[in-house]
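Visitor: Test case, fold it:
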Amino acid sequence: MPSSRTEEDLSHVDPDDLFTRYTITEIRSIQSKLRADADVKQEELRLMVGERYRDLLQASTSIISIAESSRHVMEALADMRETVAPGDPQRKPRSSSIRGKDDAHLKVLQSLSAHLKLLLDAPEHLWRLLEKKQYLQAAWLFLLARIVHRTMVTEDPEEATWRNEGINVLAQFPLVQRQWDTIAQLRPQIGHRATQFLREAHISSESACSTILTLHLLDSLPLSETLVILLSQRSRTLNALLSHNLPFRTHSRPESPILKSRRKTPEGGGISVTPPSPGPRRIRNRKDVVREVRDAVTELLDVILGTMRVARDIFRASEEEGRRNSLVEQSLEDIQRDSSPESVLTTSTLLSTLPSSTHLLTLPPAILSYKPYIDLSSPTAHVDPSVFDAQLSTWFHKAMEGFKGRLRVWFAGLESMQEVWGLRRKVLERLQTVHGLDMTEKMKVQSVLDSSVRERMGEVASAALDRLERSLEDTLRKAVQDIREGVENTHLDITPSAFLFSPPPTPSLSQMSNNSNPTASPLKQFQDALRQRVEGRSPLLDRVLGEVESKAQEIEANLNVMKEDGPDSRELQDKVMTMYHQAAHASSTQMCQILELVMTEEVLDTERDPDQVVKIVTFVGRLCYYMSWSSCTRGLCHQAETARGLLETLNALHKRSIDCWRDHAVSGALKECDPIFGPFAPASGPEFLWPNQPSPQLIKAFLSLMSSLDRLGLSRSALVTKGVTKQVMQDFQTAVAQKVTATTSDWRRDEVQLLWDLTFLRQLSDVPPKGITEAEDAISRKLTHSHERSVVSKDIVLKLQGHIDHSINEYLPRAQILLAPLLNFSTLRKSTANGNAEVPTTAVKPASLLPLGVPKTDQDFRPAVETVKPSPRFGLLLVGSTSVG
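Guide: As a prediction, the model looks like this:
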């Protein structure tokens, strides 16, 4: 259908024209549209008729009322016209009786106006008093307004002053009843706001007592019920504080069923503890977190202690202040006295605070001296002390349950022992300054606080020890991975002597002048680098050990915080230390298991290079050795038993690493001296060389052992103390003896050198190792058998052993510096001094750097190690032509 057809008004078109202009489909759409428009118009008409009908009824009523009022006005004007004389009548002088009646009538009217003004101003004054939280004054004003209203509308003949003067208050002043209706609506507001005022976190005893008096006077509640209201409102205040969640996210820890059960809401409107809702985790300043926790705890404790103090001040007599009755009972007595103290509220003092108070002084004396009715002899005006103590004690124990549960939640935000213990000090300082609590109640508060502190201190200590274990494992595995991958500078940990002689970064003058922090100055860093080299703490070792030491020092510093307090905290300190000792014992065991696990994984992995395995195992052993006397051991273990167990385990792990290293070192040394074990060339004649020093292969084996000792990273004194050198030499000597083969009875010329080497090895040890003597005897038997066959002359056989002993005694002073790491000088000095009488005394005289004495100088020079002979071109240098062969 075209738009022009759609926009055309079809309601006035003839139907026949529609059928001629549109199709059947268009006719049906037009029909539905017209039908919808008709329904809309019908609904609008129905609404209009309904509204206009109500307007018509109201208008007719108003018209009738206006007509009736107009008629009354017209009649009143007619009466006035008839009353007033057309002329000016002569005035007659008033008599004294008439003037007296007029004065009395004037006083009645003034009193009436004062009554009306009080009723008119009362709502505004009541709202103003409620805003100022002066609930007792508001209740008193309400009761006074009720008396004024009752006085004005009463039908008592004795008090019918208005009716005697021809005044019908209800008929002539309907505003009185309407105003009272407005004032009466404020009574629930006064009671409700007074009840809510008792929920204030910080409330004084005087303010609370005034509020209690408000409820007692306004609603005629017994004082026992007002006590229940006070405690219930204070419980609401506590619940609001207990449901307050601090804006921090704690570390997830399994929650005990006991804590969950204590967080259930108790029956009877008690104090509930709700767990904090999880929120987004964010990094916050620790000082802000500690301050928020401290403020929350002190505020909660202030509410509990303040409630106890306020309740006792109001409902319990105080002998210290000279009050025989409680504060609320004394206030009721002061109100009922004829001569009330100035501090007690009266009607006169209340009216004097209102605007236009001078006009209100025209009120009758009965109203000006109004006092609420109080029956001091009634049980409702007293509270039984036993009932009061029972209810207050019940409330206190429920509050302590909530306080204990919330402490556990809030303490979860404290991450160090120093924070927890510092908060305890603040709370105890606050507790000491609070008045109104019995000693048992203070002890209860301290007991609840100490219980939460002890529990949190144990959790913090366990968390710190867990972090220490994770730090040890992470840094150790990272160091092992670096050694395995050959990261730069890892050779300093594999060979500690290289680290000892590596140059530390030297600070420049500009760096020292630009740095103002003494702890991070380049000079301090240079000193620390030198100290690390002296102590043998190579980079990877220092990284692992430094991480563990820093965590242990942090734990020790936190534990030392408790020692600053006096003997009053000794019991709690002992309990905390007992919990810490248990956790430290388990943590030390776990740390040793981590070290053992890493070591075992390397040893059992058969696919890795044995040399690489020994490097890693040796590194882990060095770590155990340094941990055994490091500050981390003292920081962790405060019990002698735990420290002894940790040291024994670390020493056992270190010994295990040394055993692994020793097997590898002996195996490597044996490979170097394999050629000395044969096969030997057969002797072609009686001549052979007389050896004066060890074979080159044995020297290479010694050098291999010394290189392996260097990898241990232990000082010479530690090597001697632990017997590492002695044990490795004994194992090497035993292995050499087992390798000596004497399967043939024929003499081998090169076996003289082997005999010299075996004799030399035997003299290096104070106790000859197993098999070394048997090997010497086997070679000696070969020598004797050769003499019997006339292969070697008898003189040579007799002089050979003496030559070997003499040459060894001469060789040791020359080689004492070269072989110093392998020599036991105390044993060698004795054997050298008691060995050969032909050795001069200069050879055995100890010196500061030469323990075996100075070598003899009246003989040709013989080097300690066989060197390569110089080539012909060596003579071109400007040196002497001394033979070095």
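Visitor: rest of the way, CA atoms for contacts and neighbours
Guide: Noted.
Visitor: Under the pLDDT cut-off, which ranges of the stretch 451-600 of the chain? List them.
Guide: For the stretch 451-600 of the chain, applying pLDDT under 70 flags the ranges 508-520.
Visitor: which stretches of it form helices?
Guide: Under the criterion DSSP state H, counting those that start in this stretch, the stretch 451-600 of the chain carries helices at the ranges 491-494, 496-500, 509-514, 522-535, 539-562, 570-604.
Visitor: Among these, which comes closest to C209?
Guide: Proximity of the helices of the stretch 451-600 of the chain to C209 was assessed by CA to CA; the nearest stretch is helix 570-604, lying at 39.7 Å.
Visitor: Show me what that closest one is packed against.
Guide: Identification of packing neighbours for helix 570-604 by 3 or more CA pairs under 8 Å, 6 or more residues apart in numbering; DSSP states H and E yields helix 439-485, helix 610-628, helix 640-672.
Visitor: Pick the most deeply packed of these.
Guide: Most buried of those by mean neighbour count (mean count of other CA atoms under 10 Å) is helix 610-628; its value is a mean of 22.
Visitor: Only alpha carbons, please: show that helix as PDB.
Guide: Backbone C-alpha positions of helix 610-628 (Å, rounded to 0.1, in the frame of the first residue of the first chain) are rendered in PDB as follows:
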ATOM      1  CA  PRO A 610      81.300 -39.800  36.000                       C
ATOM      2  CA  ASP A 611      83.600 -36.800  36.100                       C
ATOM      3  CA  GLN A 612      80.500 -34.500  36.000                       C
ATOM      4  CA  VAL A 613      78.800 -36.500  38.700                       C
ATOM      5  CA  VAL A 614      81.800 -36.200  41.000                       C
ATOM      6  CA  LYS A 615      81.900 -32.400  40.500                       C
ATOM      7  CA  ILE A 616      78.300 -32.100  41.500                       C
ATOM      8  CA  VAL A 617      78.500 -34.400  44.400                       C
ATOM      9  CA  THR A 618      81.600 -32.600  45.600                       C
ATOM     10  CA  PHE A 619      79.800 -29.300  45.400                       C
ATOM     11  CA  VAL A 620      76.900 -30.600  47.400                       C
ATOM     12  CA  GLY A 621      79.400 -32.000  49.900                       C
ATOM     13  CA  ARG A 622      81.100 -28.600  50.200                       C
ATOM     14  CA  LEU A 623      77.700 -27.000  50.800                       C
ATOM     15  CA  CYS A 624      77.000 -29.500  53.600                       C
ATOM     16  CA  TYR A 625      80.500 -28.800  55.100                       C
ATOM     17  CA  TYR A 626      80.000 -25.000  55.100                       C
ATOM     18  CA  MET A 627      76.400 -25.300  56.400                       C
ATOM     19  CA  SER A 628      77.700 -27.400  59.400                       C
END
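Visitor: Summarise which helices and strands that helix is packed against.
Guide: Here helix 610-628 is seen to pack against helix 439-485, helix 491-494, helix 539-562, helix 570-604, helix 640-672, helix 696-712 when contacts are counted using 3+ CA pairs under 8 Å, 6+ apart.
Visitor: tell me the average confidence for it?
Guide: Average pLDDT, helix 610-628: 89.
Visitor: what sits up against that helix?
Guide: Taking contacts as CA atoms under 8 Å, 6 or more residues apart in numbering, the residues outside helix 610-628 that touch it are 480, 483-484, 493-494, 541, 545, 595, 598-599, 602-603, 633, 646-647, 650-651, 653-658, 660-661, 664, 711-713.
Visitor: Report the contact partners of L764.
Guide: Here L764 is in contact with L823, N824, L828 (criterion: CA under 8 Å, 6+ apart).
Visitor: Now, of the residues you listed, which are buried?
Guide: A residue is treated as buried here by neighbour count (16 or more other CA atoms under 10 Å); on that basis the buried members of these are L823, L828.
Visitor: ok now stretch 665-677, how far from the chain's centre?
Guide: In terms of CA atoms, centre = their mean, to the nearest Å, the centre of stretch 665-677 is set 59 Å apart from its chain centre.
Visitor: contacting residues around that stretch?
Guide: Contacts for stretch 665-677 (CA under 8 Å, 6+ apart): 695, 697-698, 700-702, 704-705, 708, 728, 731-732, 735-736, 739-741, 754.
Visitor: any weak-confidence spans in the stretch 101-250 of the chain?
Guide: Applying pLDDT under 70 to the stretch 101-250 of the chain flags residues 101-104, 155-166, 247-250.
Visitor: Which strand or helix spans T725?
Guide: helix 724-739 (DSSP states H and E).
Visitor: Report the rounded mean pLDDT for the helix or strand following that helix.
Guide: Toward the C-terminal end, the helix or strand that comes next after helix 724-739 (DSSP H and E) is helix 751-763. The average pLDDT for helix 751-763 rounds to 79.
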